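**Q** Next one to model:
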Amino acid sequence: MNDLSMKSTAQSTTQAIVLDEVFPHAPEVLWKAITNGDLMSRWMMKPNGFEPVLGNRFTFQTTPAGAWDGTIHCEVLEVVPLQRFAYAWRGGHEGNVGYGSKLDTVVTFTLTRVQTGTRLRMEHSGFVLPKNDTAYQNMGKGWVKCVQTLSAVADEQD
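**A** Predicted structure coming up:
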């Protein structure tokens, strides 16, 4: 089930990308794939300075745009082994419009053991409308591909 959800408040409107999939693997297999930098680089992007430790700051590098150098600044916000892993995802520049606009979001992975394996819920929240529309659309498609590749990486670990 893939859900691009929308939340509104009086001050702003935010969107979240939500992917919810069941994998035929134990939580330990998926946990390793989402919290190991070498494996993460195979299904998403290569993290620089990554450790799955609360407060750890790390970066990803992507295509620069305008005043933005393409660096995504992340900070580990939550680590509950085999259950939840969350990190801040910040990038862009205030002066950019469209691709590379300022982004201050959170990525959360939640693992739940189910009879057939593990349910993985990935939520990338905090996309502000209309400023982050381009990032929201592009990353919505990108996360679908990442989760498909994560499945292949997990298959190799089992």
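**Q** contacting residues for the residue nearest the centre of the chain?
**A** Centre of the chain computed as the mean C-alpha position; nearest residue by CA atoms, centre = their mean is residue 107, 4.1 Å away. By CB atoms under 8 Å, 6 or more residues apart in numbering, the contact set of residue 107 is 86-87, 89, 122-124. Glycine gets a C-beta too; all of them are placed from N, C-alpha and C.
**Q** tell me which residues form a beta bridge with residue 118?
**A** Taking DSSP bridges as the rule, residue 118 bridges to residue 23, residue 113.
**Q** Look up how far residue 88 lies from it.
**A** Separation of residue 118 from residue 88 (CB to CB, to the nearest Å) stands at 24 Å.
**Q** so which strand or helix has the residue nearest to the centre of the chain?
**A** When elements are assigned from DSSP states H and E, residue 107 belongs to strand 103-114.
**Q** Over to residue 14?
**A** Judged by DSSP H and E, residue 14 forms part of strand 13-23.
**Q** avg pLDDT for the strand holding residue 107?
**A** Regarding strand 103-114, the rounded mean pLDDT is 98.
**Q** hey, where'd the helices end up in this structure?
**A** Assigned by DSSP state H, the chain shows helices spanning 27-35, 37-43, 133-157.
**Q** Looking at the ones you listed, which one is packed in the most?
**A** Highest mean neighbour count among those (mean count of other CB atoms under 10 Å): helix 27-35, with a mean of 20.
**Q** gap between that one and the chain center?
**A** 14 Å (CA atoms, centre = their mean, to the nearest Å).
**Q** Contact partners for residue 56?
**A** By CB under 8 Å, 6+ apart, the residues touching residue 56 are 49-50, 75-76.
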